[in-house]
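Q: let me see the structure of the following:
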Amino acid sequence: MPRLLIALAVLLAPLSATAAEKMNVLYVVSDDLCNRLGTYGDSIAVTPNLDRLAAKGVRFDRAYCQYPLCNPSRASFLTGLRPDHTKVYENATQFRKNVPDAQSMPQTFQKAGYYVARVGKLYHYGVPTQIGTDGLDDPPSWQHVVNPKGHDKDVEDKIHTLTPGQFGGTLSWFQDTGTDAEQTDGLIAAETIKLLEANQDKPFFLACGFFRPHTPYVATKPFFDLYPLEKCAAPQVPSDHRVGLPEGAFGSYKKEQDALTDPMRAEIIQAYRASISLMDAQVGKLLDALDRLKLADKTIIVFHSDHGYHLGEHGLWQKQSIWEQSARVPLLIYDPRATGNGKACGRTVELVDLHATMADLCGLEAPPTDGESLKGLLANPTAEWNHPAFSQVSRGGGRAAQPAGGKAKKKNAGEAKAADAAQAKPKVFTGGRAVRTERFRYIEWDEGRQGAQLYDHEKDPEEMTNLADDPAHAKIRAELSALLRSTK
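A: Next up is the predicted model:
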């Protein structure tokens, strides 16, 4: 009997050690990245490293942010709470002002005994002005932070921009000299690798936040050379595209974009794509480091963007719309243990799901969140899944601005009466909310009072034909409208 017990102990010891071993997490976020990647079918994208990550993990083809703007989205996915829960709808509010006791995803890992650190942008930063600072960070989330600042910050006086003196909120681009290692994203990759090397013998949650391809689109010449201008034409938009559509659908349009010419559009797209490839090269350095350190088999890798991005679709640029291009994000998850690796998942998932997912994958206790764990889809990407994706934006609000020093002088009584009436009238608020199923996208503006949009992605993946008022789709519209209200 003693010999039998000894034999059993010897057999079970490795199993117990394996079961008790904690999986590491490398959590990588790109800034303002749409699905212009090779793995998502973009024929001219040069993204070999994200493509290889997708090939060995699970690629989510229908992943969506909850709010297509940096701060609201990041506050949401790093807590697992929807924007209506965090009450963060712009880029100025730190989420703890509204939910001071929220437990962030990094905090969940800290409580489980992990070493938790970030390099670069995870919570919101003003880009490029706050590169190299803590930005709108959340100190309780991290045990250690690193804020690199690269050569892209040194060349701001050379950056082409549609709005003189501005680089982050407007279209701006520049081909820099030197190497990618000198860029902020190159320094972020290097500092992340240092942390991998220093903490390889303990369970870690390392968050790596790249700044590219956020405007200004700065990359070095080798990455620009990957994209000849003749391959970077903007999409053609019908001249009557806006006719009959809700005004809120185009609320992210910026007046300075009226100055764009076709050659400028091509230069902007070239620079954006070059920035993606520069960022992709840094992801490759991280993957290589995991292999070199023999950490690849015990490290879960997550890659995603904070929201999508327009490059001329619907006549729009950048973010803050809830069309498909702005709300959809790339999402890649590699868990070495997952049986679904190497496959694509067509289910609708949300970034708000990630806190629950990461805790579940690592066997940790997470606080209640507004998301669902994706662990089952990593095991079987075609498993049953009844969770649509929800996104929202805000438009307008408030009253017309009062002239400095009080009411302005009026030329006559009629003009005065009209001006006072305009001053007293609130601006129209047209908040937009969208629900995305595997087939349809449905949008309501101001709960439908300012219009609605319905698109059938099976027949119209570019969302060019609004079916909201089509009698043949009245039933599906009613169903989706009810579904949209179910999240409130």
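Q: counting neighbours, what do you get for the nearest residue in space to Tyr309 that is not next to it in sequence?
A: When the adjacent residues along the chain are set aside, Tyr309 lies closest to Cys34, with 4.0 Å between them (C-beta to C-beta, 6 or more residues apart in numbering). Bear in mind the C-beta positions are built from the backbone N, C-alpha and C, glycine included. Residues within reach of Cys34, counting by other C-beta atoms under 10 Å, total 25.
Q: and Cys34, that one's in a helix?
A: No. With DSSP: H, G, I helix; E, B strand; the rest coil as the criterion, Cys34 is located in coil rather than a helix.
Q: so it touches Glu313, yeah?
A: No. With contacts defined as C-beta atoms under 8 Å, Cys34 does not count as touching Glu313, sitting 9.4 Å away.
Q: residues shared between the contacts of those two?
A: Common contacts of Cys34 and Glu313 (C-beta atoms under 8 Å, 6 or more residues apart in numbering): Gln325.
Q: for the stretch 251-400 of the chain, give me the ranges with low pLDDT.
A: In the predicted model, the stretch 251-400 of the chain carries pLDDT under 70 at residues 396-400.
Q: which element is Leu290 on?
A: Counting by DSSP states H and E, the element that carries Leu290 is helix 262-292.
Q: what's the next secondary structure element after that helix?
A: Remark: after helix 262-292, the chain's next helix or strand is strand 299-305, criterion DSSP H and E.
Q: partner strands of that following strand and their direction?
A: Strands flanking strand 299-305 in the sheet, each with its direction: strand 24-30 (parallel), strand 328-334 (antiparallel) (DSSP bridges).
Q: can I get the ones you listed in a markdown table including distance to Pro246?
A: Listed next are those as a markdown table, based on distance: least, C-beta to C-beta, whole Å:
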| stretch | distance to Pro246 |
| --- | --- |
| strand 24-30 | 30 |
| strand 328-334 | 20 |
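Q: list the contacts for the most centrally placed residue in the chain?
A: Among the residues of the chain, Asp306 comes closest to the average C-alpha position under C-alpha atoms, centre = their mean, at 1.5 Å. Listed by C-beta under 8 Å, 6+ apart, the contact set of Asp306 reads Val29, Ser30, Asp31, Asp32, Cys65, Cys70, Ser73, Arg74, Phe77, Val329, Leu351.
Q: count of neighbours near Val145?
A: In terms of burial, Val145 registers 15 neighbours under the definition other C-beta under 10 Å.
Q: kindly report the same for Asp291.
A: Summarising burial for Asp291: neighbours were counted as other C-beta under 10 Å, giving 11.
Q: any idea how far it lies from Thr47?
A: According to C-beta to C-beta, to the nearest Å, Asp291 stands 19 Å off from Thr47.
Q: how about Ser277?
A: Between Ser277 and Thr47 the distance, using C-beta to C-beta, works out to 6 Å.
Q: swap in Cys208?
A: From Cys208 over to Thr47 the distance is 17 Å, taken as C-beta to C-beta.
Q: of those two, who's got more company?
A: In this comparison of Cys208 against Thr47, neighbours counted by other C-beta under 10 Å, the higher total goes to Cys208 at 28 against 24.
Q: for that one, list each beta-bridge partner.
A: Val28, Val119.
Q: now mean neighbour count and distance to Val283 too, for the strands paired with strand 299-305, in TSV please.
A: As requested, these are exported to TSV (neighbours: other C-beta atoms under 10 Å; distance: least, C-beta to C-beta, whole Å):
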stretch	mean neighbour count	distance to Val283
strand 24-30	24	6
strand 328-334	25	10
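Q: select, out of these, the one closest to Ala189.
A: Between Ala189 and the strands paired with strand 299-305, the shortest separation by C-beta to C-beta is 9.7 Å, and it involves strand 24-30.
Q: okay, angle between that closest one and helix 262-292 too, please.
A: An angle of 170 degrees separates the directions of strand 24-30 and helix 262-292 when computed by axes from the mean of the first three to the mean of the last three C-alpha atoms, to 10 degrees.
Q: so what touches strand 24-30?
A: Taking contacts as C-beta under 8 Å, 6+ apart, the residues outside strand 24-30 that touch it are 74, 109, 114, 121-122, 192, 196, 203-210, 212-213, 279, 283, 286, 290, 295, 298-306, 330, 358, 362.
Q: so for the next helix or strand along the chain from it, what gets flagged as buried?
A: Under the assignment DSSP H and E, the closest C-terminal helix or strand after strand 24-30 is helix 48-56. Within helix 48-56, the residues that qualify as buried are Asn49, Leu50, Asp51, Leu53, Ala54, counting by 16 or more other C-beta atoms under 10 Å.
Q: contact partners for the last one?
A: Ala54 makes contacts with Leu37, Thr39, Leu332, as judged by C-beta under 8 Å, 6+ apart.
Q: how near is it to Asp185?
A: The gap separating Ala54 from Asp185 is 20 Å, by C-beta to C-beta.
Q: what of the fourth one?
A: As defined by C-beta to C-beta, Leu53 lies at a distance of 16 Å from Asp185.
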